[in-house]
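Participant: task: produce atomic coordinates for the following.
(one chain, ligands or ions: 2)
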Amino acid sequence: MSDNFDVIVIGAGPAGYAAAIRCAQLGVNTACIDKSQGKDGQPTLGGTCLNWGCIPSKALLDASHKYIEAKNDFAEFGISTGEISIDVPKMIARKDEIVKGLTGGIGALFQGNGVTSYSGSGKLLGNGQVEVTDHNDLTTVLNGEHVILAPGSAPVEIPAAPLNGSTIVDSAGALDFDSVPTRLGVIGAGVIGLEIGSVWNRLGAEVTVLEALEDFLPMADTRIARDAKKMLIAQGMDIRLGTKVTGATPTGDGVVVAYEGEDGEHELVVDKLIVAVGRRPFTEGLLGADSGVALDENGFLFVNDLCVTDVPNVYAVGDVVRGPMLAHKGTEEGVMVAERIAGFKPLVNYETIPNVIYTHPEIAWVGKTEQQLKADGTQFNAGSFPFAASGRAMAANDTQGMVKILADAESDRILGVHILGPQASEMVAQAVIAMEFDASAEDLGIIMFAHPTLSEAVHEAALGVAGHAIHVVNRKRK
Ligand code: FAD
Ligand code: AMP
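Facilitator: Ligands and ions are numbered 1, 2, ... in the order given. Below you'll find the predicted structure:
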């Protein structure tokens, strides 16, 4: 095997593996190095997303949603069941099988496209040289014309709640509980805390979420965040805002959590505690002394808009660089870099990155929130449509939430779309497409949508911007 490559990619998460596959598709001789080992101790591809992130969390969210539907909703449809129970080890084993299938699939894609895969840690030395240390501590040096760094991110740990692998765990640990904890504490009401908290709440845990900020989901549209919070509380989640965790003491079979609120100090006793206070760029062992690559003030690898580091033939993509820590954002950056290396000139449009929180109902948005537009002084018109007025949502007994569209007051160009509702993650793609094509709200309003669908709510909200939605009474009629 040659040790010389056109491109060497470090990291095989969604940013790195997409970059490697696209390079190989374009005829570029590519190697990809990844150090991850799965639960079985074997090398695994796919990074956080496939092994400990997007996919396993959605496998558990879907399982727990089916459970809660069977328990609470089936009777409404006239379906009677025996007593509903959950076999947690079976649910976890199913999740592990999905992970195995998908991570194995990346290996097959590497093979099929001709990407040379190395299992071990990669370190950028300088002059395109990358040192690979395998799991037996043997080192090899590879030479690359170009190097793409995609080492991803790791969970933030806080001194107040040191992980112990059993009762105090991070998001990865929370995807592997072997039974439903009676009392579960979650530190952080961010995306990951709410998703994993939802899984165990649905399965019967008494979930308390402690969040230091006073605002709930400050990055989401305020109206959507307010409604979502009410719905999650109605599902049984105890969300305590403005509470900062100051200590966590394991007590054998549980944890005593100390936290400060506006009204002083409190204690919460739980069986398990999940620390979900964010993620940080992961760069340990990545850069040799002569790499020439710099970090920014927050510890991310410093790159320009085209993901080029301070060294012209070294690029960085995914969670390790600025921007939202999302799999699809990293993938698009990886593909952009691969294509630019091959001589094409694509760009990533950072204005149209979709955000999704896979609670139920789901929360999804793209573009600006109402509060951002107000702060920017942008004049806008808003249209919204509740799923309570959607025939399809009624048929599915899933009528919570709404679609809200914000459009420029003068040009009618869509500036933001915010969805709280069933399958919001799927519907937001329509908004992304519309915004990528610079659509106006009127454009969306004159397009025909199949009936009956949840997507009709997007159509109606677009009509609502100009005050002529059909299935609600418009406040401003035109
Ligand atoms: P990673 O996926 O972190 O991959 C980096 C890889 O590089 C890892 O395998 C790592 O071991 C390896 N590596 C690091 N350093 C080296 C080195 N020096 N040598 C060799 N290998 C190295 N995002 C979404 O878009 N949608 C979701 O629904 C979603 N859900 C999530 C749920 C959870 C619980 C978590 C934790 C994250 C979730 N995310 C989600 C975020 C998503 O997982 C990340 O944004 C994404 O994985 C980032 O991709 P990446 O390729 O940059 O890095
Ligand atoms: P995210 O970065 O979206 O995953 O969200 C993590 C959340 O954890 C943020 O909203 C933080 O405010 C919150 N957080 C961080 N540290 C603490 C702490 N000690 N106690 C409570 N909440 C915290």
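Participant: for the closest residue to residue 92 other than its chain neighbours, report the pLDDT, please.
Facilitator: Leaving aside its chain neighbours, residue 92 sits nearest to residue 176 (6.2 Å; criterion: CB to CB, 6 or more residues apart in numbering). The C-beta positions use only the backbone N, C-alpha and C, and glycine is treated the same way. Looking at residue 176, its pLDDT stands at 98.
Participant: what's the local residue count around residue 176?
Facilitator: Counted with other CB atoms under 10 Å, residues neighbouring residue 176 total 15.
Participant: please report the distance of it from ligand 1.
Facilitator: 11 Å (CB to the nearest ligand atom, to the nearest Å).
Participant: for residue 178, what are its contacts?
Facilitator: Residue 178 makes contact with 88, 89, 92, according to CB atoms under 8 Å, 6 or more residues apart in numbering.
Participant: now restrict those residues to buried residues only.
Facilitator: 88, 92 (16 or more other CB atoms under 10 Å).
Participant: return the residues in contact with residue 337.
Facilitator: Counting by CB under 8 Å, 6+ apart, residue 337 has contacts 19, 148, 306, 307, 315, 317.
Participant: thought the second one was touching residue 7?
Facilitator: Yes. With the criterion set as CB atoms under 8 Å, residue 148 and residue 7 qualify as a contacting pair; they are 6.4 Å apart.
Participant: for ligand 1, what are the nearby residues on the protein?
Facilitator: 10-16, 33-36, 47-49, 52-54, 57, 121-122, 150-153, 171, 192, 282, 285-286, 318-319, 325-328, 330 (CB under 6 Å from any ligand atom).
Participant: now intersect those with the helices, please.
Facilitator: 14-16, 47-49, 52, 54, 57, 171, 192, 327-328, 330 (DSSP state H).
Participant: of those, which fall within the contact range of ligand 2?
Facilitator: residue 192.
Participant: which one (most neighbours) among the ones in helices among the residues of the chain next to ligand 1?
Facilitator: Going by other CB under 10 Å, residue 15 tops those with 34 neighbours.
Participant: in the longest helix seen in the chain, what counts as buried?
Facilitator: Assignment by DSSP H gives helix 88-113 as the longest helix of the chain. Residues of helix 88-113 classed as buried: 88, 91-92, 95-96, 99-100, 102-103, 106-107, 109-110 (neighbour count, 16+ other CB under 10 Å).
Participant: do the same with stretch 324-334
Facilitator: 325, 326, 327, 328, 329, 330, 331, 332, 333, 334.
Participant: how far out from the middle of the chain is it?
Facilitator: Its chain's average C-alpha position is 10 Å from that of stretch 324-334, according to CA atoms, centre = their mean, to the nearest Å.
Participant: can you tell me the helix or strand for residue 240?
Facilitator: Counting by DSSP states H and E, the element that carries residue 240 is strand 238-241.
Participant: hmm, I typed the wrong one, I wanted residue 366.
Facilitator: strand 362-367.
Participant: contacts for that strand, please.
Facilitator: So strand 362-367 is contacted by 217, 220-221, 224-225, 228, 351-357, 406, 414-425, 427-428, 431-432, 435 (CB under 8 Å, 6+ apart).
Participant: report the buried members of these.
Facilitator: Applying 16+ other CB under 10 Å to those flags 217, 220-221, 224-225, 228, 353-357, 406, 414-425, 427-428, 431-432, 435 as buried.
Participant: please list the residues of the stretch 101-250 of the chain that sit near ligand 2.
Facilitator: Residues of the stretch 101-250 of the chain lying near ligand 2 (CB under 6 Å from any ligand atom): 158, 160, 187-192, 210-213, 244-245.
Participant: in helices, which of the residues you listed fall?
Facilitator: Per DSSP H, those map to helices at 191, 192.
Participant: among the residues of the stretch 101-250 of the chain next to ligand 2, which two are most distant?
Facilitator: Farthest-apart pair in those is 160 and 191; separation 20.9 Å (CB to CB).
Participant: so the two - more neighbours on which side?
Facilitator: More crowded of residue 160 and residue 191, by other CB under 10 Å: residue 191, with 23 against 16.
Participant: packing partners for the helix or strand containing residue 148?
Facilitator: Counting by DSSP H and E, the element that carries residue 148 is strand 139-149. With contacts defined as 3 or more CB pairs under 8 Å, 6 or more residues apart in numbering; DSSP states H and E, strand 139-149 has these neighbours: strand 4-10, helix 14-25, strand 30-34, strand 121-126, strand 129-133, strand 314-316, helix 327-341.
Participant: so what pLDDT did the closest residue to ligand 2 within the stretch 151-300 of the chain get?
Facilitator: Of all residues in the stretch 151-300 of the chain, residue 190 sits closest to ligand 2, at 2.2 Å by CB to the nearest ligand atom. In this model, residue 190 is scored at 98, pLDDT.
Participant: contacts only, for it.
Facilitator: Counted by CB under 8 Å, 6+ apart, residue 190 has contacts 276, 277, 278.
Participant: check those residues against ligand 2, which are close?
Facilitator: Checking the contacts of residue 190 against ligand 2 (CB under 6 Å from any ligand atom), the matches are 276, 277, 278.
Participant: ligand 1: which of these is nearest?
Facilitator: Distances from ligand 1 to the ones next to ligand 2 among the contacts of residue 190, taken by CB to the nearest ligand atom, are shortest for residue 276, at 8.1 Å.
Participant: so that closest one makes contact with residue 186?
Facilitator: Yes. Using CB under 8 Å, residue 276 makes contact with residue 186 at a distance of 5.9 Å.
Participant: quick one: low-confidence parts of the chain?
Facilitator: 1-2, 476-478 (pLDDT under 70).
Participant: can you tell me the centre-most residue of it?
Facilitator: residue 326 (4.9 Å; CA atoms, centre = their mean).
Participant: and that one, how far is that from residue 263?
Facilitator: To residue 263, residue 326 is 36 Å away according to CB to CB, to the nearest Å.
Participant: now residue 373
Facilitator: Distance from residue 373 to residue 263, by CB to CB: 35 Å.
Participant: show me what the residue nearest to residue 240 when sequence neighbours are not counted is bridged to.
Facilitator: In space, and not counting its chain neighbours, residue 240 is closest to residue 210: 5.5 Å by CB to CB, 6+ apart. Going by DSSP bridges, residue 210 is paired in beta bridges with residue 187, residue 240.
Participant: going forward can the numbers begin at 440, since that is how I track them
Facilitator: All set: I'll call the first residue 440, so the last point we hit is now residue 649.
Participant: please list all residues in contact with the residue nearest to the centre of the chain.
Facilitator: Contacts of residue 765 by CB under 8 Å, 6+ apart are 792, 794.
Participant: buried ones in stretch 635-651?
Facilitator: For stretch 635-651, by 16+ other CB under 10 Å, it's 635-650.
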